[in-house]
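S.K.: below are the sequence and a predicted model for it; my questions follow.
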Amino acid sequence: MATFELQTECIVEALFSDLLSEDQSDCRSLEMDFGGPVQSAGEPLTTFDPVIIASRLRRMGDQCNMDFERNSSEALVEVLQGKMEKFGAAVDSLSRIWSDQNPGLVYEKAFLSISVKLVMHVAKKIPAMVHPNQLIQVINGNSQVRSYIEACGGWENLDN
């Protein structure tokens with residue numbers, strides 16, 4: 001089984017492939033995937049499919065209704081100007097605010113939703129400034145989010 005970090009990398013790469021794809025017909029959505037888990041001879045059955053998990057993350061991002069342009073967070077303003085080194089701080093701050101304002105929304109889900117939504121937002125405004133590694137580092141670097149995903153049973157069991 002791949003490490004959490006490697007799984008995150010595969011998922012984010014699949015997400016970026018989906019986000020940057022001009023041809024939406026290539027996209028596999030979770031509901032339309034009938035392929036099921038893949039098993040090679042001598043290997044245990046795995047349900048880890050980065051494309052399906054990326055689809056779940058994208059839906060989580062789509063559920064985020066935060067208006068980034070109307071938020072005055074200093075870190076967010078810098079990210080919206082293309083200073084992606086503040087991406088992690090902006091996501092963390094916005095996630096805490098959003099989860100505090102929405103009872104029942106845990107910080108970790110808010111974090112994943114906002115990180116995906118913000119990447120999508122910046123990619124539309126300043127595509128040259130967005131790279132998969134930024135999202136990979138933000139997710140892998142947040143021990144609280146990692147613990148939450150692991151407590152769910154791993155990426156493949158992350159519900160939304």
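M.R.: Nice, I can see it. Numbers count the residues shown, from 1 in each chain.
S.K.: quick one: contacts for residue 96?
M.R.: Residues in contact with residue 96 (CB atoms under 8 Å, 6 or more residues apart in numbering) are 107, 110. Every C-beta, even on glycine, is put in place using the N, C-alpha and C of the backbone.
S.K.: residue 13 now?
M.R.: So residue 13 contacts 50, 132 (CB under 8 Å, 6+ apart).
S.K.: again, but for residue 120
M.R.: 19, 61.
S.K.: now the helix or strand harbouring residue 134: average pLDDT?
M.R.: Using DSSP states H and E, residue 134 falls within helix 132-140. On average, the pLDDT along helix 132-140 is 96.
S.K.: tell me which other helices or strands that helix touches.
M.R.: With contacts defined as 3 or more CB pairs under 8 Å, 6 or more residues apart in numbering; DSSP states H and E, the packing partners of helix 132-140 are helix 4-20, helix 87-101, helix 107-125, helix 143-151.
S.K.: can you dump the C-alpha coordinates of the helix or strand following the first one into CSV?
M.R.: Just to be clear, that refers to helix 4-20. Next along the chain after helix 4-20, taking DSSP H and E as the criterion, comes helix 50-63. Output in CSV follows, covering the C-alpha atoms of helix 50-63 (Å, rounded to 0.1, in the frame of the first residue of the first chain):
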residue,chain,number,x,y,z
PRO,A,50,-7.1,8.5,-7.3
VAL,A,51,-9.5,9.5,-10.1
ILE,A,52,-12.5,8.6,-8.0
ILE,A,53,-11.1,10.3,-4.9
ALA,A,54,-10.2,13.4,-6.9
SER,A,55,-13.8,13.5,-8.1
ARG,A,56,-14.9,13.4,-4.5
LEU,A,57,-12.5,16.3,-3.7
ARG,A,58,-13.8,18.3,-6.6
ARG,A,59,-17.4,17.9,-5.4
MET,A,60,-16.2,19.0,-1.9
GLY,A,61,-14.7,22.1,-3.5
ASP,A,62,-17.8,22.7,-5.5
GLN,A,63,-19.8,22.7,-2.2
